[in-house]
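Asker: how does the following fold in three dimensions:
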Amino acid sequence: MTPGLLEGRVALVTGGARGIGFEVARTFVALGANVLVADSGATVDGAATEPGCVADAVTRLGPQAWAFERDLTEPNAPEAAVAAALGHFGHLDIVVNNAAILRDAFIFKAKRADWEKVLQTNLHVPMGILAAATPILREFAKQGRAPGRIVNVVSTAGIVGNLGQSAYAAAKAGLVGLTRVVAMDLARSEITCNAVAPFAATRVTQLIQPANDAQALYKDRAQRIPATYVARLLAFLCSGANTFTGQLFGVRGREVFLFDQARTGPRVVSDAVERQDALALGGLLEAEFAGRTTSLATDLELFNTEPLL
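Answerer: The predicted model follows:
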């Protein structure tokens, strides 16, 4: 990476004490940024905490890092995290919404409390962080400071779906939509906002329980991809050199994907709708759309190839 790429910039990284978040924070520090690590130390399901992990991460990162150890789902916690970055470092330039939890269950077994906790952590918290941070980023831009950069860490589960991940997929799909709108809202200020779906060894991939040989192979491949590749892409997207905004990227080792986003595809025009003839309309749809619909392949099936490292 280019030395000094993020020199003098201040970044807020949620979930920055472990996994991808820590690697992002470490890379940012190495490139000259100061980093607020906002992390509660929660386990991957958000049900408990790992004492000392946040303090340990900040110690490893060195004097350019500062800890904000608090549950970001608590009332006013996102606003407090942004205030902590401003209070300690004096300004704010970069926001990385990375923190997430996972509580998997088939929809016919899902518990509403688990669903709400996942949505709260994985979608409501990023919205709260951005609602607090974006007025500050806009004001700094008006003052002539280099425009801010935002990256939301999403998942292919929210793009193509995955078995038993209704809450996680819904939250990540919502975060993709939020990314797009934030990019539109901030375009006049030249503040960029992008989403990245990472493939890397994480606590989440460690929890995969393979049901067959193909899933076992997927897990093995995922566990061999270091998070450094993800961090390098985020470093570029959070730098002044980046002009992409409102885009959805994937990164898998040395491969970087630009995902297509939803646009209208094939269509039919029929008077069967006006005649309220459902069977006639259905027949037309079957004839015109056969072989052109989206399959129910999961992300584990679509991305189960040997990674390029």
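Asker: can you dump the C-alpha atoms of the lowest-mean-pLDDT helix or strand in the chain in PDB for me?
Answerer: Within the chain, no helix or strand scores below helix 203-206, which has a mean of 81 by mean pLDDT, DSSP states H and E. Only the C-alpha atoms of helix 203-206 are listed here, as PDB (Å, rounded to 0.1, in the frame of the first residue of the first chain):
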ATOM      1  CA  ARG A 203     -15.400 -15.800  13.500                       C
ATOM      2  CA  VAL A 204     -18.400 -16.300  11.200                       C
ATOM      3  CA  THR A 205     -16.700 -18.600   8.800                       C
ATOM      4  CA  GLN A 206     -15.300 -20.600  11.700                       C
END
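Asker: so what does that helix touch, helix or strand wise?
Answerer: helix 213-223 (3 or more Cβ pairs under 8 Å, 6 or more residues apart in numbering; DSSP states H and E). C-beta: built from backbone N, CA, C; applies to glycine.
Asker: ok, now which ones touch the residue lying closest to residue 309 once chain neighbours are set aside?
Answerer: Leaving out its chain neighbours, the residue that sits closest to residue 309 by Cβ to Cβ, 6 or more residues apart in numbering is residue 253, at 4.6 Å. Each residue near residue 253 by Cβ atoms under 8 Å, 6 or more residues apart in numbering is listed here: 199, 225, 229, 307-309.
Asker: pull out the buried members of these.
Answerer: 199, 225, 229, 307 (16 or more other Cβ atoms under 10 Å).
Asker: which one of these is nearest to residue 83?
Answerer: Nearest to residue 83 out of the buried ones among the contacts of residue 253 is residue 229 (Cβ to Cβ; 32.5 Å).
Asker: show me where the protein has helices.
Answerer: With DSSP state H applied, the chain shows helices at 19-30, 53-61, 77-89, 112-119, 125-142, 166-186, 203-206, 213-223, 228-237, 278-289, 299-302, listed in chain order.
Asker: out of these, which gets the lowest mean score?
Answerer: The minimum mean pLDDT among the helices of the chain belongs to helix 203-206 (a mean of 81).
Asker: so residue 229 makes contact with residue 236?
Answerer: No - here residue 229 does not reach residue 236: they are 11.6 Å apart, not a contact under Cβ atoms under 8 Å.
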